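K.L.:
give me coordinates for this.
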Amino acid sequence: MEPVDTNKATKSIETVDECQIGDICIDRYLWALYQRTPKEDTVRMREWRRVTIKRKGKRVTVSRAFTKLVDQNFGWKDPKAAERVGKSMMDYVIGGMDRSFKLKLFRMFHAAEAAGLSPGITSGFRDDYRQSIASGLKAASNRSYHGGSLRGGYGHGLAADVVSVDGGTRNQRFASSEKFWKWVDAHGKEFGIGRPYLDRDPPHIAPVDGQEYAKHNRGTKHASLDVKKINVKKVKGVTARARSRPAKRPRTAAASKLKAS
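P.N.:
Have a look, this model is predicted:
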């Protein structure tokens, strides 16, 4: 990956004010946010080491597995996926997302920049192949809300991964990303956007009126329409309501930097 010019990266994307709100303009704006964002992640890697232990009073050398966190560059994955289907990078990453979702993203990112933040996109549309080569926390290849075949495929992507590009080092960018995610939690719903998994998958955002957000936020107004199921039964002449049990809330990941990439 080429070095990121942080001074250039943190400048507001000027295309917002220079063109009318149309599909091409929205795609170009979102593409600019994607282009300026480093594609970096942390994954768990297992390695085997020879260690000396005491066994039955004797010192012996054995092999033990250890897990370590490793930084990786996943910028090669989207180009490879786009090449497989014969599309340009912008047509693949941005064009594969749902049109109404892109409009929500456009408005939210514009507001975030106006608030002094520097949003960036690390992942947009993903087909089954792209999802299959993702690492870390992820859904099955055909079930990803980024655009898996069971979710409608190309043109129906309803998820994106977002971070902040503000900062000269990765740790600085992560700190500014946490600030941006908190802003999304506070203001994203004004634009129809939320974080379904919160700290379990911090960068992941989705429309709040969509199936994914509803599934993981059953107490919300939007969720109640999709996931509240009431079965009416007659029990000795009395109507009883058997409500579906609420889903268990996801546990917070040990390292919030870990996610699908």
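
K.L.:
can we go C-alpha only for contacts and neighbour counts from here?
P.N.:
OK.

K.L.:
how far off centre is the one helix or strand R130 maps to?
P.N.:
Here R130 is covered by helix 128-132, with elements defined by DSSP states H and E. Chain-centre distance of helix 128-132: 15 Å, with CA atoms, centre = their mean, to the nearest Å.

K.L.:
count of residues packed around G167?
P.N.:
Per other CA atoms under 10 Å, the neighbour tally for G167 reads 19.

K.L.:
can you name the next helix or strand after the helix holding R130?
P.N.:
Next element after helix 128-132 (DSSP H and E): strand 160-164.

K.L.:
parallel or antiparallel, list what pairs with that next one.
P.N.:
strand 119-123 (antiparallel), strand 204-207 (antiparallel) (DSSP bridges).

K.L.:
kindly reformat those strands as JSON lines containing mean pLDDT.
P.N.:
Converted to JSON lines, the strands paired with strand 160-164 look like this (pLDDT from 0 to 100):
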{"stretch": "strand 119-123", "mean pLDDT": "97"}
{"stretch": "strand 204-207", "mean pLDDT": "98"}
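
K.L.:
re earlier: which other helices and strands contact the helix holding R130?
P.N.:
Applying 3 or more CA pairs under 8 Å, 6 or more residues apart in numbering; DSSP states H and E, one finds that helix 128-132 contacts helix 77-84.

K.L.:
pull out the buried positions in the helix it packs on.
P.N.:
K77, D78, P79, A81, A82 (16 or more other CA atoms under 10 Å).

K.L.:
what's the closest of those to G192?
P.N.:
Minimum distance to G192 across the buried residues of helix 77-84 is 26.2 Å, recorded for D78 (CA to CA).

K.L.:
return the helix or strand in this protein with minimum mean pLDDT.
P.N.:
Ranking every helix and strand in the chain by mean pLDDT, DSSP states H and E puts strand 230-235 at the bottom, with a mean of 35.

K.L.:
returning to that earlier point: save the buried residues of helix 77-84 as TSV, and put in pLDDT and distance to D201 too.
P.N.:
Below are the buried residues of helix 77-84 laid out as TSV (pLDDT from 0 to 100; distance: CA to CA, whole Å):
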residue	pLDDT	distance to D201
K77	96	19
D78	97	20
P79	97	23
A81	97	23
A82	97	25
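
K.L.:
between the residues you listed, which is nearest G155?
P.N.:
A82 (13.9 Å).

K.L.:
can you pull the contacts of that closest one?
P.N.:
Contact partners of A82, counting by CA atoms under 8 Å, 6 or more residues apart in numbering, are S88, M89, Y92, V93.

K.L.:
just the buried subset of those, please.
P.N.:
For the contacts of A82, buried by 16+ other CA under 10 Å: M89, Y92, V93.

K.L.:
name the residues of the helix or strand encompassing A111 that are buried.
P.N.:
Using DSSP H and E, A111 sits within helix 99-114. Residues R99, F101, K102, L103, K104, L105, F106, R107, M108, F109, H110, A112 are the ones in helix 99-114 that count as buried (16+ other CA under 10 Å).

K.L.:
give me the below-cutoff pLDDT ranges for the stretch 1-150 of the chain.
P.N.:
1-21, 41-45, 68-72 (pLDDT under 70).

K.L.:
what do you get for the stretch 151-261 of the chain?
P.N.:
Applying pLDDT under 70 to the stretch 151-261 of the chain flags the ranges 219-260.
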